[in-house]
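> Everything below, folded, please.
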Amino acid sequence: MLNLPNILTSLRLVLSVVFVWIMSFEGLISSYLALLVFVIAALTDWLDGYLARRLNQTTAFGIFMDPFADKFLILSALLVFLWLNLIPVWMVLVILAREFIVTSLRILGETRGVAIAAIPSGKQKTVSQIVAVIGILVLLCAQYTIVRLTGTPWDTFLSRSSRAGIVAAYLMEILPDVLIFIAMVFSVISGFDFISKHRHLFQKL
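Numbering: from 1, shown residues only. As a prediction, the model looks like this:
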């Protein structure tokens with residue numbers, strides 16, 4: 001059914017592709033544009049759900065596609081970060097495993113005529129992932145900005161920095177891992193919560 005919430009959900013899928021395309025250019029301007037596109041896409045996640053409830057336009061399409069669009073947006077960003085070597089592979093694999101299991105259960109529910117709505121812990125997981133991605137993008141923008149302002153490569157900047165500058169730079173290096181780790185923990189918790197709430201779908205497999 002074509003309505004405003006469903007259009008916003010579909011727009012999030014399109015913006016995910018645009019985000020990946022922009023990030024492929026790797027630079028100061030592209031990093032800021034990517035941050036802007038991701039923030040807009042993340043806002044549609046809140047807006048489509050709000051409008052669906054406010055306008056009473058909740059549909060089976062929206063119930064299924066809204067969390068799928070969330071996953072597509074987040075996983076697109078995580079894969080780009082992996083490509084840029086910004087975050088650990090194993091953390092992303094844990095998040096991917098959770099999404100694969102939950103999505104498989106959703107599809108199983110659909111085959112049995114059961115539309116599975118998002119659960120509160122799933123929304124908390126999504127928020128933690130969005131915060132992590134935005135945080136990493138902000139750090140990436142800051143790094144490109146420093147390189148542009150100083151006119152030196154990042155490694156050279158680190159070697160010439162004061163002790164305070166080195167500490168700040170070190171924090172910029174480890175914060176992506178910390179942010180993704182927190183998002184991973186929320187992902188695992190919500191995954192177990194989802195499986196527990198919908199374990200009846202395992203029956204008659």
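
> Where does pLDDT dip in the protein?
The chain contains residues with pLDDT under 70 at 1, 60-62, 112-118, 153-169, 200-205.

> Quick check, central residue of it?
Closest to where the C-alpha atoms of the chain average out (CA atoms, centre = their mean) is I74, at 2.4 Å.

> Pull up the gap between that residue and L11, please.
Going from I74 to L11 by CB to CB, to the nearest Å gives 16 Å. Glycine gets a C-beta too; all of them are placed from N, C-alpha and C.

> just W21 next, same as before
Using CB to CB, W21 is found at 15 Å from L11.

> Looking at those two, which one has more neighbours?
Taking other CB atoms under 10 Å, W21 and L11 do not tie; L11 has more neighbours (16 against 12).

> Chain neighbours aside, what residue packs nearest to that one?
Sequence neighbours aside, T44 is the residue nearest to L11 in space, at 5.7 Å (criterion: CB to CB, 6 or more residues apart in numbering).

> Tell me which helix or strand comes right after the helix or strand where the one you found lies.
Per DSSP states H and E, T44 falls inside helix 28-54. Counting by DSSP H and E, the next helix or strand C-terminal to helix 28-54 is helix 60-83.

> Take that following helix, keep the C-alpha atoms, and write them as PDB.
C-alpha atoms of helix 60-83 as PDB (Å, rounded to 0.1, in the frame of the first residue of the first chain):
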ATOM      1  CA  ALA A  60       1.900  -5.300   6.500                       C
ATOM      2  CA  PHE A  61       4.400  -3.800   4.100                       C
ATOM      3  CA  GLY A  62       5.600  -1.300   6.700                       C
ATOM      4  CA  ILE A  63       5.800  -3.900   9.500                       C
ATOM      5  CA  PHE A  64       8.100  -6.000   7.400                       C
ATOM      6  CA  MET A  65      10.000  -3.400   5.400                       C
ATOM      7  CA  ASP A  66      10.700  -0.900   8.100                       C
ATOM      8  CA  PRO A  67      13.100  -3.200  10.100                       C
ATOM      9  CA  PHE A  68      14.500  -4.500   6.800                       C
ATOM     10  CA  ALA A  69      15.300  -0.900   5.700                       C
ATOM     11  CA  ASP A  70      16.900  -0.300   9.100                       C
ATOM     12  CA  LYS A  71      19.100  -3.300   8.600                       C
ATOM     13  CA  PHE A  72      20.000  -2.400   5.100                       C
ATOM     14  CA  LEU A  73      21.100   1.100   6.100                       C
ATOM     15  CA  ILE A  74      23.100   0.000   9.100                       C
ATOM     16  CA  LEU A  75      24.800  -3.000   7.400                       C
ATOM     17  CA  SER A  76      25.700  -0.800   4.400                       C
ATOM     18  CA  ALA A  77      27.500   1.600   6.700                       C
ATOM     19  CA  LEU A  78      29.200  -1.200   8.600                       C
ATOM     20  CA  LEU A  79      30.500  -2.800   5.400                       C
ATOM     21  CA  VAL A  80      31.800   0.600   4.200                       C
ATOM     22  CA  PHE A  81      33.600   1.000   7.500                       C
ATOM     23  CA  LEU A  82      35.100  -2.500   7.100                       C
ATOM     24  CA  TRP A  83      36.300  -1.500   3.600                       C
END
